[in-house]
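# return atomic coordinates for the entry below.
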Amino acid sequence: MDGATVIAKCIAQQGITVVFGVVGIPVVEVAVAIQAEGIHFVGMRNEQAASYAASAMGYLTGRPGVCLVVSGPGLIHAISGMVNAQENCWPLLVIGGSSDQNQDGMGSFQEYPQIDACRHCAKYCARPSEINKIPIVFEKAVRTCLSGRPGVCYIDLPGDKIVEKAEVAHISFPSKSPVPPRPLAEPKRVIDAVKLLRRSMSPLVIIGKGAANARAEQPIRRFLHLSGLPFLPTPMGKGVVPDDHHQCVAAARSIALLKSDTILLLGARLNWILHFGLPPRFRSDVKLIQVDIQAEELGNNVQTAVALQGDLQSVTKQLCEEWVKSGSHNSSSTEDLASWWEELRRKDKANRSHAKELSELDTVPMNYYQVFGEIKHHLDRDCYVISEGANTMDIGRTMLENFLPRHRLDAGTFGTMGVGPGFAIAAAMYAQTTEVHGKPPRVLCIEGDSAFGFSGMEYETACRYNLPIIFIIVNNNGIYSGVDGRTWTEFIQSNPTTKAPPTALLPNAHYEKLASAFGGHGYFVTTRSELATTLQEVFSSDSSQPVIINVAINPVSERKSQDFFWLTKSSL
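Now for the predicted structure:
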């Protein structure tokens, strides 16, 4: 049995059914062996997109996503996805071909210190010394991806080991790596946490991406039902509890963060997304109850009042049990909580009303709110929403609701642009395994025009594999903002490299024409009525081909007025 076949059998043994990658020397044989094992191989156009897709599959399935890449430049491209997955705590296993071992240090084809390059963005890196060691290394990599805080592992495969053969009798395949243990928090600390929440006059629960990653939606929903506390999700925490839940205060986010005296963090880190937990976005005396699998995360940036280290599913179940056991004694008064709820709902209603007004305007060119207002009418509750871009992602997060966990994927903790098409391809592959009444959930990929430029060629990949993804490009002619055609004409009469704003892209670009090059369908719309008609046609179609809807909007369209700038600046 050759090394390629051994790798393929390891992948199958671990319950992994899809591999993403870009083939070439020396991994072509590995991809062929993967398909021979009945595993789906999705060939991408760039290793960045392949690693993004594999990491998203890991997040969606709970098993490591697998990405196969060639040596040297191929692996270097994939490192973008490795870092992104590590920052988002998603299980990803990258398998990289490398130069033959007997050519090490000789300047061989695409020779590069690949293991050294991956150490800073992976939990475990290894190069099996013999073919019969590949299964042992592979099982350890899978187990390490999943254990503790999920993350990235890398296996380096020299070309000579891929084609080399070993006696089958000398090769042993470990069994499928089990689900990691789910440790509990210290019971005394759970009691302290519940006491603190019950005494709070303005409590808040923040649900992070870690809650979705931990599959903790059921105990979290039960805890919210028992406690009646208000909650808000982080961007990829949306859907752990449905956005239309009566306790969701996402539309009152700023005031909820600013005025809460006690916050329960469920799988959310106090990084830039939550403004580090510091003033002026938070109270200086806020008491934090933090639940996290990793001890080193507890107390980062703000000291916790109660630190609960453990698996989020397990710890939330403990919180439920203690909430029931503790009864309502030593709780804040009903009047205090009613006042808190009244303030939150008043702000929630005002913000929703303002966004609705903006979405119902009939101006041409359109603004972001008009676009998302139309899209919102067509989304099923089980639709996967992939989003990236600046205002496109931020405004879309507030306008488009999610109702199921792990159904929103975006630029995430690392703020990575270019992830959209890869994430969408992974979601479409996964959706095929979760059909309801013979129909898989829709996959919607909403991109800014700048974001689409990073990985737009993956549209061909979607066409090649008949993945009915709906790509919507919200086109403002630039990065953050652009210019109109008339202004651009003035710039190019001189020298656009010195006159055109660095944020500007070519106005009136017809990205939808890319679709026809690969047998898909493209649409260009400029008004609300055109967008409504196009969305109706696309969402009612049973076509297996992806589509591109290019939506031209006002180049200077912005978010509605914010109480705070979206990115917290350092005071240093």
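# distance between the ends of stretch 106-120?
25 Å (CA to CA, to the nearest Å).
# list the buried residues of that stretch.
108, 110-112, 114-115, 117-118 (16 or more other CB atoms under 10 Å). C-beta coordinates here come from the backbone N, C-alpha and C atoms, glycine included.
# any chance you could map the helices in the stretch 351-500 of the chain?
Applying DSSP state H, counting those that start in this stretch to the stretch 351-500 of the chain gives helices spanning 368-376, 391-399, 420-431, 449-455, 458-464, 485-492, 496-499.
# ranking these by burial, who's on top?
helix 420-431 (a mean of 29; mean count of other CB atoms under 10 Å).
# from the contact counts, what lies against that helix?
strand 18-21, strand 40-43, helix 47-61, strand 384-388, strand 443-448, helix 449-455, helix 458-464 (3 or more CB pairs under 8 Å, 6 or more residues apart in numbering; DSSP states H and E).
# returning to what we had before: nearest to Ser332, of the helices of the stretch 351-500 of the chain?
The closest of these to Ser332 is helix 391-399. By CB to CB, the value is 29.4 Å.
# in a markdown table, list the helices and strands packed on helix 420-431 along with distance to Gly148.
Output for these, formatted as a markdown table (distance: least, CB to CB, whole Å):
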| stretch | distance to Gly148 |
| --- | --- |
| strand 18-21 | 24 |
| strand 40-43 | 29 |
| helix 47-61 | 15 |
| strand 384-388 | 27 |
| strand 443-448 | 31 |
| helix 449-455 | 30 |
| helix 458-464 | 32 |
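# which one of the ones you listed lies nearest to Glu342?
When those are ranked by distance to Glu342, counting by CB to CB, first place goes to strand 384-388 at 31.3 Å.
# that closest one packs against which elements?
helix 391-399, strand 408-410, helix 420-431, strand 443-448.
# and the end-to-end length of stretch 149-161?
31 Å.
# buried set for that stretch?
150-159, 161.
# per-residue pLDDT, Gly327?
pLDDT recorded at Gly327 is 84.
# and if you look at the one 4 residues further on?
In this prediction, Ser331 carries a pLDDT score of 72.
# after the helix or strand where His77 lies, which helix or strand is next? Please name it.
Element membership for His77 (DSSP states H and E) is helix 73-88. Later in the chain than helix 73-88, the nearest helix or strand by DSSP H and E is strand 92-98.
# that next one packs against which elements?
helix 47-61, strand 65-69, helix 73-88, helix 114-118, helix 134-146, strand 152-158, helix 159-163.
# contacting residues for the nearest residue to Tyr465 once chain neighbours are set aside?
Among residues not flanking Tyr465 along the chain, Val42 sits closest, at 6.4 Å (CB to CB, 6 or more residues apart in numbering). For Val42, the contacting residues are 18-21, 50, 53, 425, 429, 461, 465, by CB atoms under 8 Å, 6 or more residues apart in numbering.
# repeat that for Gln35.
Counted by CB under 8 Å, 6+ apart, Gln35 has contacts Phe41.
# buried residues in the helix or strand containing it?
Gln35 belongs to helix 28-36 when assigned by DSSP H and E. Across helix 28-36, burial judged by 16+ other CB under 10 Å covers 29-31, 33-34.
# now swap in stretch 246-266 and tell me
Within stretch 246-266, the residues that count as buried by 16+ other CB under 10 Å are 247-253, 255-266.
# repeat that for stretch 438-451.
440-451.
# quick one: which of those residues is nearest Ser359?
Ile446 (14.9 Å).
# show me what that closest one is bridged to.
Beta-bridge pairing of Ile446 under DSSP bridges involves Ser387, Ile472.
# ok, back up a step: what is the nearest of the buried residues of stretch 149-161 to Gln309?
Pro150 (15.9 Å).
# so who does the closest one touch?
Pro150 neighbours (CB under 8 Å, 6+ apart): 58, 89-91, 213.
# out of those, which are buried?
For the contacts of Pro150, buried by 16+ other CB under 10 Å: 58, 89-91, 213.
# which stretches of the stretch 101-250 of the chain form helices?
Under DSSP H, counting those that start in this stretch, the stretch 101-250 of the chain gives helices at 114-118, 134-146, 159-163, 187-199, 209-213, 217-227.
# please identify the most buried of these.
Note that of the helices of the stretch 101-250 of the chain, helix 209-213 is the most buried (mean count of other CB under 10 Å), with a mean of 27.
# quick one: contacts for the residue nearest the centre of the chain?
For the chain, the residue whose C-alpha lies nearest the mean C-alpha position (CA atoms, centre = their mean) is Leu409; its distance is 3.6 Å. Contact analysis of Leu409 by CB under 8 Å, 6+ apart lists 56, 59, 236, 384-387, 419, 423, 427.
# wait, which of the residues you listed is closest to Arg559?
Ser387 (14.5 Å).
# run a quick neighbour tally on the closest one.
Using other CB atoms under 10 Å, Ser387 has 28 neighbouring residues.
# for Phe282, see how far away it is.
26 Å (CB to CB, to the nearest Å).
# also Tyr154?
For Tyr154 relative to Phe282 (CB to CB), the value is 37 Å.
# got any ranges where the stretch 251-400 of the chain has weak pLDDT?
For the stretch 251-400 of the chain, applying pLDDT under 70 flags the ranges 329-330, 333.
# which residues in it form strands?
262-266, 287-292, 306-309, 384-388 (DSSP state E, counting those that start in this stretch).
# how much does the second one deviate in direction from strand 262-266?
It refers to strand 287-292. Strand 287-292 and strand 262-266 are oriented at 10 degrees to each other (axes from the mean of the first three to the mean of the last three CA atoms, to 10 degrees).
# what does the last one give?
An angle of 110 degrees separates the directions of strand 384-388 and strand 262-266 when computed by the same axes, to 10 degrees.
# which residues are contacting strand 384-388?
By CB under 8 Å, 6+ apart, strand 384-388 touches 379, 393, 396-397, 400, 402, 407-411, 416-420, 423-424, 427-428, 431, 441-448, 451.
# got it, and the third one?
In this structure, residues lying in contact with strand 306-309 by CB under 8 Å, 6+ apart are 183, 185-186, 189-190, 192-193, 196, 288-295, 298-299, 315.
# quick one: buried ones out of those residues?
Using 16+ other CB under 10 Å, the buried ones in those are 185, 189-190, 192-193, 196, 288-293, 298, 315.
# can you pick out the most distant pair from those residues?
Leu196 and Ile293 (21.0 Å).
# could you confirm Gly38 falls within a helix?
No. Counting by DSSP: H, G, I helix; E, B strand; the rest coil, Gly38 falls outside a helix, being coil.
# where's it relative to Ile171, distance?
Taken as CB to CB, the span from Gly38 to Ile171 is 19 Å.
# pick out whichever of these two has more residues nearby.
Ile171 (17 against 9).
# without its sequence neighbours, what residue ends up closest to that one?
Going by CB to CB, 6+ apart, Ile171 has Asn132 as its nearest residue, at 5.0 Å.
# ok, that neighbour - how many residues close by?
For Asn132, using other CB under 10 Å, the count is 18.
# got it, and Gln493?
So Gln493, with other CB under 10 Å, has 9 neighbours.
# what sits against Gly418?
Applying CB under 8 Å, 6+ apart, the residues near Gly418 are 48-49, 52, 80, 388, 451, 454-455.
# how close does it sit to Ile273?
19 Å.
# cool, and Ile25?
Counting by CB to CB, the gap from Ile25 to Ile273 is 41 Å.
# which one's more surrounded, the two?
Taking other CB under 10 Å, Ile25 and Ile273 do not tie; Ile273 has more neighbours (20 against 15).
# residues near the closest residue to that one other than its chain neighbours, how many?
In this structure, Ile273 finds its nearest non-sequential neighbour in Thr234, 5.8 Å apart by CB to CB, 6+ apart. Neighbourhood size, Thr234 [other CB under 10 Å]: 27.
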